[in-house]
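[1] One predicted model, sequence on top.
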Amino acid sequence: MKYVQGNYPIIQKKAIAENVFSFTVLCPEIAEKACAGQFVHILPEGFSLRRPISIAGIDRKNGTIRIVFVIKHKGTQALADLHQGEYINMIGPLGHGFTLMPNAQHVILVGGGIGVPPMLPLAEYYQEKATVITGFRSFPQIILQEDFEACHAQVICCTEDGSAGAMKGLVTTPLEQLLSEGADAVFACGALPMLKAVASVCQRAEIYCEISLEERMACGVGACLGCACRINRSGNEEFLHVCKDGPVFKAEEVVF
Amino acid sequence: MADLSVDICNIKFKNPIIPASGVFGYGREYEEFYPLSELGGIATKGTTAKKRTGNLSPRIAETTAGMLNSVGLQNPGVDYFIQHELPYLLTKNTVILANIAGSTPEECAEVAEKLDSTDVHMIELNISCPNVKQGGAAFGTSCTMAEQVTSAVRKATAKPLVVKLSPNVTSITEIAKAVEFAGADAVSLINTLLGMRIDIHTKRPVLKNNVGGLSGAGIFPVAVRMVWQTANAVKIPVIGMGGVTSGEDAIELMMAGASAVQVGMAVFTDPYAPVKIIQQMQNFLEENHISSVKEIIGSVQPW
């Protein structure tokens, strides 16, 4: 039995930015199997569909995972209303995650907005070999900078309005600069226009890139075919599925 | 232990619960949760003659007590199904209903003919998919077309033939009678109700296909009504579905006249829904001293 479903206790809840929450959940059987880039499928009470939320931390020793999510609509609002000590219904770990490259000397992690949290398990793996570029609209949305620093990764923060003393502009500006010095791989998660731009920059620089996609999802396990994405693998464009074939794909395969 | 087994078209089901076509793929994913042998049967993802890519995303929209989908019959085609999925499913000690669809009566017949030479237990002909441009619901909303496509498939196979009906019709009993006349061995209903959601901030429909099929708990009363009307109108067995989320719902649908019950959207809320429903039915029967689930089929006493 590859997947588990259960009600798991929230052992720590923190509000980390405007409408952004971090939960640490005690679920040893999910923590045991989880990999960077995978997600958990969470059922807010009273709703019919689950919400896919990426795993932002894996602590096998303590049997916990961490999720960081933003309130988008009523479902995520219901999750945010849960308190420490209450239980959360999750299926996991689901999906195909990021490739871990033990011999890599320098990797670049690019996260935009609520696409930043899934970069954290990668930063924990690559440590000082990682440079993390995070992009946000403005100061109130900035998250997880100190968590990346605690991984000994180099951290670059961009805001679209230049607030918080961050680099003004998009993540692709520092990315292009870094890529001119070379890198083993780029891993990215964020909004589709950002991913498209990152994929294009990496293609020009001829650097291997993996991106994590998002789509409206039902089953989460590859059965219902709801979360189709256009993928070109070996010359044939086809609909694969974000939940099982992804969420992480090679950037060169994704048809934007 | 109450007896949960039912017989439909001389096929014995160990219990009346069947995950519905489209929610369960070919079973592999859910076998990662529980053994498929616990299920009465499995209705496989709708299969067409050739591979179909399906519709563009988004294909899913949540609704109050349900969801819309517009997957559009994405499937690898019947040859792939027979070669790669069916042999595996047939080892799982559960009844396999191969759901088939097509754009023309000839295509449906071609798929049925290919399945006829396999060991699949039953064929479920989908004349009610709301998400494809040709065939699909167009067959299921006209008595003439429903009869024509059922008749074509009937000639192509000796397997027990279940015809899956659309609720998007003026009179479901007329369609049910037409497919019964054309040789269907059973009917299953209801497929999804055609629906739509719009994002009021972008003025765009949530689904890229604009419209899609509504399923989930919200449609359950419609399913009960249509199963009841249909069971009273035809002599062939009725397999009920539409918004079943609990053992109590399944019992209710069987009282309305269903000989077995398919479970759809509930699987997304809880992958264990089918096996929980089986247990809840068992509990209901025992608490009410009913020795066999067959006793409750059509047992509603209308006013």
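    Thanks, I have the structure now.

[2] Spit out the contact partners of B:Lys92.
    Residues near B:Lys92 by C-beta atoms under 8 Å, 6 or more residues apart in numbering or on different chains: B:27, B:31, B:35-37, B:42. For every residue, glycine as well, the C-beta is placed using N, CA and C.

[3] per-residue confidence at it?
    As predicted, B:Lys92 sits at a pLDDT of 97.

[4] just B:Gln134 next, same as before
    Confidence score, pLDDT, at B:Gln134: 64.

[5] so which of the contacts of B:Lys92 is the most crowded?
    Among the contacts of B:Lys92, B:Ile42 has the most neighbours (other C-beta atoms under 10 Å in any protein chain shown), with 26 neighbours.

[6] is it true that that one touches B:Glu31?
    No. Contact criterion C-beta atoms under 8 Å: B:Ile42 and B:Glu31 do not qualify, at 10.3 Å.

[7] now for the contacts of B:Lys92, which pair is the farthest apart?
    B:Pro35 and B:Ile42 (12.0 Å; C-beta to C-beta).

[8] what bridges to A:Tyr87?
    When assigned by DSSP bridges, A:Tyr87 has beta-bridge partners A:Pro9.

[9] circling back: with distance to B:Lys276 added, can I get the contacts of B:Lys92 in TSV?
    Listed next are the contacts of B:Lys92 as TSV, based on distance: C-beta to C-beta, whole Å:
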residue	distance to B:Lys276
B:Gly27	17
B:Glu31	17
B:Pro35	15
B:Leu36	15
B:Ser37	16
B:Ile42	17
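
[10] did I read that right, A:Ile55 in a strand?
    Yes. Assessed with DSSP: H, G, I helix; E, B strand; the rest coil, A:Ile55 lies in a strand.

[11] residues touching residue 233, list them.
    Assuming you mean chain A. With C-beta under 8 Å, 6+ apart, A:Arg233 has these contacts: A:240, A:253.

[12] looking at chain B here, not the other one
    Taking C-beta under 8 Å, 6+ apart, one finds B:173, B:176-177 in contact with B:Ala233.

[13] filter those residues by proximity to chain A?
    By C-beta under 8 Å from any C-beta of the partner chain, no member of those lies near chain A.

[14] Looking at these, state which has the most neighbours.
    B:Ala176 (26 neighbours).

[15] quick one: contacts for it?
    B:Ala176 touches B:165, B:187, B:189, B:230, B:233-234, counting by C-beta under 8 Å, 6+ apart.

[16] Narrow the residues you listed to those in strands?
    B:187, B:189 (DSSP state E).

[17] What is the nearest of the contacts of B:Ala176 to A:Pro52?
    Nearest member of these to A:Pro52, counting by C-beta to C-beta, is B:Leu189, at 31.5 Å.

[18] what sits opposite that closest one in the beta ladder?
    B:Gly240.

[19] how close does B:Ile277 sit to A:Cys219?
    17 Å (C-beta to C-beta, to the nearest Å).

[20] Give me the more crowded residue out of those two.
    For B:Ile277 versus A:Cys219, the count of surrounding residues by other C-beta under 10 Å is larger for A:Cys219: 28 against 25.

[21] what ranges do the helices span in the stretch 101-250 of chain A?
    Assigned by DSSP state H, counting those that start in this stretch, the helices in the stretch 101-250 of chain A fall at A:120-126, A:145-150, A:172-180, A:192-205.

[22] Which one, of the ones you listed, ends up nearest to chain B?
    Of all those, it is helix A:192-205 that lies closest to chain B, at 11.2 Å by C-beta to the nearest C-beta.

[23] so what does the closest one touch, helix or strand wise?
    strand A:107-112, helix A:172-180, strand A:185-189, strand A:209-212 (3 or more C-beta pairs under 8 Å, 6 or more residues apart in numbering or on different chains; DSSP states H and E).

[24] Would you mind listing the buried residues in the second one?
    Think helix A:172-180. A:172-175, A:178-179 (16 or more other C-beta atoms under 10 Å in any protein chain shown).
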